[in-house]
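Colleague: Fold the following and give me the result.
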Amino acid sequence: MTIYQMVAIGISVLAIVIGGYAIVRNYAIDSMGELRYMLKCAKERRKYVTKGNEELLMICDAEIKSLEDRLANHWGNKLAAKHRSVFDIIPTPDEDPDGRLLKRILKG
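Modeller: Numbers count the residues shown, from 1 in each chain. Below you'll find the model as predicted:
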């Protein structure tokens, strides 16, 4: 094996490692962003539950707690905790009740 072949193999391996890291990091960013969006929507839904419906309040609280725990124990915290995802710019139903902002975002 010549030196040129070893250099080419080394560069190829380095490119594969960097590409794999980028793919995993982007997946972690989007996964955590989706969990943050789900948590934001669950908190908004909880506001609309009336005080007389205790069973539904317990279900909403359990959902919020579950999402908070999943976000705190997410496998990508070290890779993606500080980064923003596409899910961070998607408006919740309370922020965009008529859907205009979401349509504008989707158009580009």
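Colleague: quick one: the helices in this protein?
Modeller: 3-47, 54-72, 77-80, 100-107 (DSSP state H).
Colleague: Let's have those helices in TSV, adding mean neighbour count.
Modeller: The way it works is simple: take the backbone N, C-alpha and C, and place the C-beta from them, glycine included. Formatted as TSV, the helices of the chain follow (neighbours: other Cβ atoms under 10 Å):
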stretch	mean neighbour count
helix 3-47	13
helix 54-72	13
helix 77-80	15
helix 100-107	11
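Colleague: what's the closest of the ones you listed to D94?
Modeller: Nearest of those to D94, taken as Cβ to Cβ: helix 3-47 at 5.0 Å.
Colleague: if we can go back for a sec, mind putting the helices of the chain into TSV with distance to P91 and mean pLDDT?
Modeller: Converted to TSV, these look like this (distance: least, Cβ to Cβ, whole Å; pLDDT from 0 to 100):
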stretch	distance to P91	mean pLDDT
helix 3-47	10	94
helix 54-72	18	94
helix 77-80	22	85
helix 100-107	5	83
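Colleague: Out of those helices, which gets nearest to F87?
Modeller: Among those, helix 3-47 comes nearest to F87, with 3.6 Å by Cβ to Cβ.
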